[in-house]
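Here's a sequence, model it:
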Amino acid sequence: MIQANNVTVQFGGKALFERVNVIFSPGNCYGIIGANGAGKSTFLKVLSGDLEPQKGDVFMTPGERLSVLEQDHFKYDEYEVVRTVLMGNPRLIEIMEEKDALYAKPDFNEEDGIRAGELEAEFADLDGWNAESDAEFMLNKLGVTDEYHYLKMAELPSDLKVKVLLAKALFGNPDVLLLDEPTNHLDLSAIRWLENFLLDFENTVIVVSHDRHFLNKVCTHICDVDFGKIQMYVGNYDFWYEYTQMRQRQQRDQNKKNEQKIKELQEFIQRFSANASKSKQATSRKKQLDALEMIEMPVSSRRFPYVDFKPDRECGNDLLRVDHLTKTIGDRKVLDDISFVIHPREKVAFVGSDVVAKTTLFKIIMGEMQPDEGEFKWGVTTSQSYFPSDNSEYFDGVDLNLIDWLRQYTTQTLETDIRSWLGRMLFSGDDALKMSNVLSGGERVRCMLCKMMLSGANVLILDEPTNHLDLESITALNNGLIRYPETVLFTSHDHQFIQTVADRIIEISGSKIVDHKGTYDEFLETFDEDQLKKY
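Residues are numbered from 1 along each chain as shown. Next up, the predicted model:
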């Protein structure tokens, strides 16, 4: 068990949250949600002991072990991958090192033998003999395959380092597990495995995530960081959302009724307060008026952008034909004789474990990369707008404020019009004068979506658009694509995003295409568990 007692955290004189009192119990998974900047990751740092609160304290049951998903991708560069995972259980590592030191002694004596026996017993209690195989199993399930297991961490690409650090956090059955965005950089197969791991986990899990499907699948409770407080709700993300929306509607409706009642009472009092025969009634109405209170509706830190794509024209019958595309990058053939046809007004999710293959395909059909073989053809009535997975070329080294940045991509010239578009994406007032080369990842994504909205395109191509977005922005984009009447081609690791937008699924794996007309859940139902490892 871990609990926060009267915890207050302030930055720059402003309180992120005040007087927080919450208890996290074994057997439950707690999802921490809130707008960007609300203090979700900060709260995890307070729980882990990495940050001291201004007031209050954190208590954890003595003797229990806490494990944290670390964010420093370079911390373990000198260690082998499997060794890094084993370090998730510090006591196991201590025993292994002490055992090795004892057995390496040239003058090993009886006292050393007794100590070695004690260590061997504790090592067995910690299931030390299976530790390496358990670590390797976990790594494989997360997509870090055998060939990486005994390399140094420094030799791994950043996306695999994230997975190793996740395996380290999960390893050794910790009593309290703190996970900050654990699904980042995971493919759908790894996310599915992590969901099942946490569902079977018997201890305490506290997780920050922007993945709605993940939160719905694993969470027994939701902790909402908003209004300077942390409020706990029993249930998953969808339950929290429906409950809070209903509660807000009830409060608004009650305030409307109270406003009308107040108006009626005030009119009666004003009309009859000087009338002797009505004075008692007026006094009674005055007491009723004094007793009526409006329900306070504090301003939420949540802000929803407005995402709405409007095509300038409908596309004709011919949209996109891809014939026998092949592309080799380095020494690997990422696309091998790929062919398919996209029809008007389809919303197609491209899935599969090979991220490079999907991005390469999108770059080819957008003319940013040439295929080695094959061809593609867009219909003459189509116009495309592209959201790349890496948007750095649009911002790095571009010394423009956001008004001038957006002006590059539209025929609209009036500053008021451009400010209006930026305002939809939460850049209002002075925020519209931010410099484009200092934006956060989420701000860059919102700018790119604003650029796409101004394009008037009738085909949208989006490569991992939900990366860096908070839940509110993901929801807004999700709804905007559902409303969009024309064609969408996209990739995503967000299960709910794919399920609610796509009506066709294309899986790309080398030279193999799996083409499914229907929803993502229907697509997954056609595979057994072994086949699902690809997704």
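
only C-alpha atoms for contact and neighbour calcs from this point on.
Noted.

is it true that Leu142 touches Leu188?
No. With contacts counted by CA atoms under 8 Å, Leu142 stays clear of Leu188, the gap being 9.9 Å.

more crowded one of these two?
Per other CA atoms under 10 Å, whichever of Leu142 and Leu188 has more neighbours is Leu142, with 25 against 22.

What is the neighbour count of the closest residue to that one other than its chain neighbours?
In space, and not counting its chain neighbours, Leu142 is closest to Ala190: 4.8 Å by CA to CA, 6 or more residues apart in numbering. Using other CA under 10 Å, Ala190 has 23 other residues around it.

Let's verify the residue nearest the centre of the chain: helix, strand, or coil?
Nearest to the geometric centre of the chain sits His210, at 2.6 Å (CA atoms, centre = their mean). Taking DSSP: H, G, I helix; E, B strand; the rest coil as the rule, one finds His210 in the coil state.

pLDDT wise, what is it at?
Looking at His210, its pLDDT is 90.

Can you give me the neighbour number for the spatially closest residue to it that is not a sequence neighbour?
Spatially, and ignoring its direct neighbours in sequence, His210 is nearest to Leu471 (5.2 Å; CA to CA, 6+ apart). Neighbour count for Leu471, taken as other CA under 10 Å: 21.

can you list contacts of the host helix or strand of Ile418?
According to DSSP states H and E, Ile418 maps onto helix 415-424. With contact meaning CA atoms under 8 Å, 6 or more residues apart in numbering, helix 415-424 is reached by Pro305, Tyr306, Val307, Ile403, Leu406, Arg407, Gln412, Phe427, Ser428, Ala432, Cys447, Cys450.

10 Å instead?
304-308, 402-404, 406-407, 410, 412, 425-429, 431-433, 446-447, 450-451, 453-454 (CA atoms under 10 Å, 6 or more residues apart in numbering).

Can I get stretch 197-206 in PDB? Just the C-alpha atoms.
Once non-C-alpha atoms are left out, stretch 197-206 reads as follows in PDB (Å, rounded to 0.1, in the frame of the first residue of the first chain):
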ATOM      1  CA  PHE A 197       0.300  -8.600 -17.500                       C
ATOM      2  CA  LEU A 198      -1.300  -5.800 -15.500                       C
ATOM      3  CA  LEU A 199      -4.600  -7.600 -15.400                       C
ATOM      4  CA  ASP A 200      -2.900 -10.600 -13.800                       C
ATOM      5  CA  PHE A 201      -0.700  -8.400 -11.500                       C
ATOM      6  CA  GLU A 202      -1.800  -8.800  -7.900                       C
ATOM      7  CA  ASN A 203      -0.100  -5.800  -6.300                       C
ATOM      8  CA  THR A 204      -0.600  -2.000  -6.700                       C
ATOM      9  CA  VAL A 205      -0.300  -0.300 -10.100                       C
ATOM     10  CA  ILE A 206      -0.400   3.500 -10.700                       C
END
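
Give me the residues contacting that stretch.
1-2, 24-32, 44, 47, 66-68, 138, 170, 173-180, 191, 193-195, 217-223.

Report the contact partners of Glu78.
Thr84, Leu151, Lys152, Met153, Ala154, Glu155.

give me the number of residues near the fourth one?
Each residue near Met153 was counted by other CA under 10 Å, and the total is 25.

any idea how far it lies from Asn89?
Taking CA to CA, to the nearest Å as the measure, Met153 falls 18 Å from Asn89.

what do you get for Gln270?
In terms of CA to CA, Gln270 sits 74 Å off from Asn89.

quick one, which of the two is more surrounded?
Asn89 (22 against 11).

Quick check: the more buried one touching Pro174?
Yes. The criterion here is CA atoms under 10 Å, and Asn89 meets it with Pro174 at 7.9 Å.

Mutual contacts of the two, please.
With CA under 10 Å, 6+ apart, Asn89 and Pro174 have common neighbours Arg65, Leu66, Ser67.

would you list those in JSON lines and tack on secondary structure and pLDDT?
What follows is the shared contacts of Asn89 and Pro174, written out as JSON lines (DSSP: H, G, I helix; E, B strand; the rest coil; pLDDT from 0 to 100):
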{"residue": "Arg65", "secondary structure": "coil", "pLDDT": "95"}
{"residue": "Leu66", "secondary structure": "strand", "pLDDT": "96"}
{"residue": "Ser67", "secondary structure": "strand", "pLDDT": "96"}
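
looking at these, which has the most residues close by?
Ranking the shared contacts of Asn89 and Pro174 using other CA under 10 Å puts Ser67 first, with 22 neighbours.

bridging residues for that one?
Counting by DSSP bridges, Ser67 forms beta bridges with Leu177.

Distance of it relative to Val380?
56 Å.

what's the next secondary structure element after the lowest-mean-pLDDT helix or strand in the chain?
In the chain, no helix or strand scores lower on mean pLDDT, DSSP states H and E than helix 279-291, which sits at a mean of 76. Downstream of helix 279-291, the first helix or strand assigned by DSSP H and E is strand 320-329.

so after that next one, what's the next helix or strand?
Using DSSP H and E, the helix or strand that follows strand 320-329 in sequence is strand 332-342.

Sheet-wise, list the partners of that next one with their directions.
Partners of strand 332-342 in its sheet, by DSSP bridges: strand 320-329 (antiparallel).

what's the burial count for Asp318?
Neighbour count for Asp318, taken as other CA under 10 Å: 16.

What sits closest to it if chain neighbours are left out?
Nearest residue to Asp318, sequence neighbours excluded (CA to CA, 6+ apart): Gly379, at 4.8 Å.
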